[in-house]
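> Sequence plus predicted model, see below.
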Amino acid sequence: MKQERLEKLLNEMSLSEKIGQLIQLSGDFFKSKDISFGPIQKLGIPDKLVDLSGSIMNVTGAAETQRLQKQQMAKQPHHIPVLFMSDVIYGFKTIFPIPVGLGATWNPELIKEAFKVAANEAAVSGNQVCFAPMVDVTHDPRWGRTLESPGEDPYLNSCFAKAMVEGLQEQLPNKKGQVACVKHYAAYGAVEAGLEYNLADMSMSNLFQNYLPPYKAAVKAGCKMVMASLNTLNGVPATANKWLLTDLLKKQWGFNGVIISDYASVYELIKHGFAADEEDAAFKALDAGIDIDMKSPVYANGLQKLVENGKLSITKINEACMRILQLKNDLGLFENPYFGSSEIEEHEYTLSDDNRKLARKVADEAIVLLKNNHQVLPLSSNEKVALIGPYGDEKSLIGMWAVHGDIKDCVTIKAALSSILGTNLGYAQGTDITRDKQMLAGLGFLNEERISRIVSDDETENQNHQAALSLAKKAETIILAVGENVFESGEAGSKTNLHLPKNQVKLIKDIHNLGKKIVLVVISGRPLVLTDVIQDVDAVVESWFPGTEGGNAIADVLFGKVSPSGRLSTTFPFTEGQEPLYYSHLSTGRPQKGSQHVGRFVSRYIDAPNEPLFPFGYGLSYADVKYSDLQIESDALNESDNLRLSIKLVNDSQWSQKETVQVYFHDDVASIVQPVKRLVSFKKVTVPAKTSVRVTFSIPATDFSFFDNTGHPKLEKGSFHLFIGPNSNDVITKEFQII
Ligand code: NOJ
């Protein structure tokens, strides 16, 4: 539709029609099947406004979205099509590894391809907007949504933000792909104590340096929508934070797309104690910049009155409405309201062999080998293997936020291993995932009947344990597949205990006592505390929730079809008492190492090390690539120069290796204390077997700037240290100067 016609349409619309565009409701309002997660309440929205609602969330399926589109357009006086929006966070039906695993690939180009597939599967099913990418930087795995984020580093998350937005949106002109909606703006990953929906409070320098860059990168990549977060930021809820939404996002960053609230968060302004009532909440959210009120009664019941009593100018509503109409028009919905939906393609494209192949490839790269004593891995198909543990034959490998995925499509570890090992494979469940019925009841998704199905009675548990031990005795190698229950991570999955459940630890210890080779495969939505079991096993394979092709990918790594290349994008703590624990912390005046003080009065725990169990960037491979000969072209740069450096990688092994070369730096003296290390660049390169390669970098000097407390970048002259290596710990160092 031409711009003039769009403007004419806006002029012709009644106030209720305009308000309708600013409301998003879920499928149940339209008698459609709905899979929303979130508090459910009767909203008290008049039927007329429900009919005028401009977007519908979490309804998919070509036939159903087409039916609903027809139904809703007929009800609207100007026959405006609705937008279908949905949570497609790491796959639609073909589910990729959870994002903390995507982060561990350190391969944004590959993830761009994965997001293209996710977007196309969603598009053929009639969806147009994905509530993704989620790029909240998080430092605390107690937070359940650690699952959903690529990790703890702002630079790495920014690279993924760009790739994910491009992957989602690239094919929009061909009526494929999805509109990206970056979330959760802002600093949701900094919720205090890892407690869900809690406050985030921080200095401006910290906010600009560590939390804002990924959202900004998404906006720069052309992301058409932004979702405000559920938390307060420095005391002001993000949903009504005019500085965040208007001054920074729109005015400074130039974002001119649509801003949506998170689920019910406009209403929650009242609960926060930031708005007195629905009218007040409606005013504050719209005035701050929220265009669409997701699943709350506030815009529906508050905006009309605000305009009628003169408290709100109609211009504000017109502007918000126009942004939504504009998005619909950009997608061509006025001409083709069904966008890319197609029952035929839905059938042919969704979960196709190619899509599965890509999911497997991504999962291969997401898996992180954390320990491999005496090279027990890779295994050989001639070995007699016992697969033991509650995840051995478990289909629930897609994680909590794959709301459209179906676990029945998953390849289990057992299925994948038996195709390699045949009769050399034995299997025993050994124990349940968890036996804590009270905890399971608290997860919110499991009723008593389901819990009693997943927690065995004591006698069965004992039999399972004994059966596992006798199977283990007969095997040469034991693969122990353990982990968290799927609902323990994801939204509202905050935990204070990050250990494996006691029953699983007991199984590991008892099997350890048999003196066999043990490979621990961990399925989890976050870094767990593995300290109490790490000595009992020979190898540890962190597999996250690896997705639809999870079993195959785990087998690829265990049997050496690929040499593991995943590297942690989140620190693995020694104990949860260290949290928030992250590699890029500031130095204290009394650091544990290098302080002038000795003994007690340094920054340390008296009952635990300061160091993590596994640092950021860490991961082993079957090849052992050695780093040497770091060269810097010039060690004195001015602001407009680039730091050109190179490093030699030597691969003496028989394995071709995908190696992630990580570049960090430290600004030695600055007017705001700087992190001990900060990632500034990386490259994932292939080092073929028995060869050496030289990897080069050219880093603009301005990338060594930091943000001050007014949110401005500063590059201060003086000495810097450069660190380069395979992870944040094992690095080669050189000094350079900014002059
Ligand atoms: C609440 C979550 O915070 C958000 O990530 C999600 O997109 C919405 N619910 C919609 O389901």
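Received, thanks.
> ranges for the strands of the stretch 51-200 of the chain?
Per DSSP state E, counting those that start in this stretch, the stretch 51-200 of the chain carries strands over the ranges 55-57, 83-86, 129-130, 179-185.
> Check the stretch 601-739 of the chain too.
Using DSSP E, counting those that start in this stretch, the strands of the stretch 601-739 of the chain run over residues 625-632, 636-637, 642-651, 657-667, 678-687, 691-700, 706-707, 713-714, 718-725, 732-738.
> Average pLDDT for the fourth one, rounded please.
Here strand 657-667 scores 98 as its mean pLDDT.
> Okay, domains of the chain per the record?
Listed domain ranges for the chain are 3-34+45-345, 354-576, 623-738 (source: automatic domain parsing).
> Quick one, which of the ones you listed gets closest to residue 585.
Proximity to residue 585 (C-beta to C-beta) singles out domain 623-738 among these, at 6.4 Å. Every C-beta, even on glycine, is put in place using the N, C-alpha and C of the backbone.
> so how far is that closest one from its chain's centroid?
Relative to its parent chain, domain 623-738 has a centroid offset of 25 Å by C-alpha atoms, centre = their mean, to the nearest Å.
> ok so, going back, deepest of the strands of the stretch 601-739 of the chain, which one?
Compared across those, strand 657-667 shows the largest average neighbour count, a mean of 23 (mean count of other C-beta atoms under 10 Å).
> Residue 175 and residue 340 touch, don't they?
Yes. Using C-beta atoms under 8 Å, residue 175 is in contact with residue 340, at 4.5 Å.
> Using a markdown table, please lay out the strands of the stretch 51-200 of the chain together with mean pLDDT, mean neighbour count and distance to residue 512.
A markdown table is the format used below for these (pLDDT from 0 to 100; neighbours: other C-beta atoms under 10 Å; distance: least, C-beta to C-beta, whole Å):
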| stretch | mean pLDDT | mean neighbour count | distance to residue 512 |
| --- | --- | --- | --- |
| strand 55-57 | 97 | 25 | 48 |
| strand 83-86 | 98 | 26 | 45 |
| strand 129-130 | 98 | 26 | 44 |
| strand 179-185 | 98 | 27 | 41 |
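> Dump these into CSV; add distance to the ligand as well.
As requested, the strands of the stretch 51-200 of the chain are exported to CSV (distance: least, C-beta to the nearest ligand atom, whole Å):
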stretch, distance to the ligand
strand 55-57, 6
strand 83-86, 8
strand 129-130, 9
strand 179-185, 6
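> Rebuild those as CSV, extending it with distance to residue 679.
Formatted as CSV, the strands of the stretch 51-200 of the chain follow (distance: least, C-beta to C-beta, whole Å):
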stretch, distance to residue 679
strand 55-57, 35
strand 83-86, 32
strand 129-130, 27
strand 179-185, 20
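> how far away is the residue lying farthest from the centre of the chain from residue 467?
No residue in the chain sits farther from the centre than residue 309, which is 43.5 Å out by C-alpha atoms, centre = their mean. For residue 309, the distance to residue 467 equals 72 Å [C-beta to C-beta, to the nearest Å].
> ditto for residue 567
Taking C-beta to C-beta, one finds residue 567 at 37 Å from residue 467.
> same deal with residue 29?
As judged by C-beta to C-beta, residue 29 and residue 467 stand 50 Å apart.
> And for residue 149?
Per C-beta to C-beta, residue 149 is found 39 Å from residue 467.
> more crowded one of these two?
It is residue 149, of residue 149 and residue 467, that has more neighbours when counted by other C-beta atoms under 10 Å, with 27 against 16.
> The more buried one contacts residue 134, doesn't it?
Yes. Counting by C-beta under 8 Å, residue 134 is a contact partner of residue 149 at 5.9 Å.
> Now list whatever residues contact both of these two.
residue 99 (C-beta atoms under 8 Å, 6 or more residues apart in numbering).
> coming back round to it: could you dump the strands of the stretch 601-739 of the chain into JSON lines and include distance to the ligand?
Output for those, formatted as JSON lines (distance: least, C-beta to the nearest ligand atom, whole Å):
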{"stretch": "strand 625-632", "distance to the ligand": "38"}
{"stretch": "strand 636-637", "distance to the ligand": "41"}
{"stretch": "strand 642-651", "distance to the ligand": "38"}
{"stretch": "strand 657-667", "distance to the ligand": "28"}
{"stretch": "strand 678-687", "distance to the ligand": "26"}
{"stretch": "strand 691-700", "distance to the ligand": "34"}
{"stretch": "strand 706-707", "distance to the ligand": "26"}
{"stretch": "strand 713-714", "distance to the ligand": "30"}
{"stretch": "strand 718-725", "distance to the ligand": "35"}
{"stretch": "strand 732-738", "distance to the ligand": "40"}
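> who wins for proximity to residue 472 among those strands?
Closest to residue 472 of the strands of the stretch 601-739 of the chain, according to C-beta to C-beta: strand 657-667, at 32.3 Å.
> quick one: that closest one to strand 691-700, angle?
Angle, strand 657-667 to strand 691-700, by axes from the mean of the first three to the mean of the last three C-alpha atoms, to 10 degrees: 30 degrees.
> contacting residues for residue 151?
By C-beta under 8 Å, 6+ apart, the contact list for residue 151 reads 100, 103-104, 137-138, 157, 569-570.
> ditto for residue 623
563, 651, 653-657, 659, 687, 689.
> run the last query once more with 7 Å
563, 651, 653, 655, 657 (C-beta atoms under 7 Å, 6 or more residues apart in numbering).
> between the strands of the stretch 51-200 of the chain, which one is nearest to residue 197?
Of the strands of the stretch 51-200 of the chain, nearest to residue 197 by C-beta to C-beta is strand 179-185, at 10.8 Å.
> Near whichever residue of the stretch 51-200 of the chain sits closest to the ligand, how many other residues are there?
In the stretch 51-200 of the chain, the residue that lies nearest the ligand is residue 131 (3.5 Å; C-beta to the nearest ligand atom). Residues lying near residue 131 (other C-beta under 10 Å) number 25.
> Can you verify my assumption that it contacts residue 87?
Yes. Using C-beta atoms under 7 Å as the test, residue 131 is close enough to residue 87 to be in contact (4.9 Å).
> Could you list the low-confidence segments of the chain?
33-42 (pLDDT under 70).
> hmm, 90 instead?
Scanning the chain for pLDDT under 90 picks out 28, 30-44, 46-48, 445, 587, 593-599.
> what does the stretch 151-300 of the chain put close to the ligand?
Counting by C-beta under 6 Å from any ligand atom, the residues of the stretch 151-300 of the chain close to the ligand are 183, 230, 262-263.
> Can you point out the buried residues in stretch 225-241?
Neighbour counts over stretch 225-241 (16 or more other C-beta atoms under 10 Å) mark 225-233, 236-241 as buried.
> Sorry, slip of the keys, the one I care about is stretch 507-515.
Buried residues in stretch 507-515, defined by neighbour count with 16+ other C-beta under 10 Å: 507-508, 510-512.
> quick check, nearest of those to residue 707?
residue 508 (44.7 Å).
> and the nearest residue to that closest one once chain neighbours are set aside, what does it touch?
Spatial nearest neighbour of residue 508, excluding adjacent residues (C-beta to C-beta, 6 or more residues apart in numbering): residue 533 at 5.0 Å. Neighbour list for residue 533: 500, 505, 508, 520 [criterion: C-beta under 7 Å, 6+ apart].
> Helix, strand, or coil at the third one?
It stands for residue 508. Put simply, residue 508 is helix when judged by DSSP: H, G, I helix; E, B strand; the rest coil.
> That one reaches residue 535, doesn't it?
No. Between residue 508 and residue 535 there is no contact, the gap being 10.3 Å when judged by C-beta under 7 Å.
> Next, count neighbours for residue 613.
Neighbour count for residue 613, taken as other C-beta under 10 Å: 21.
> cool, and residue 588?
Residue 588 has 13 nearby residues by other C-beta under 10 Å.
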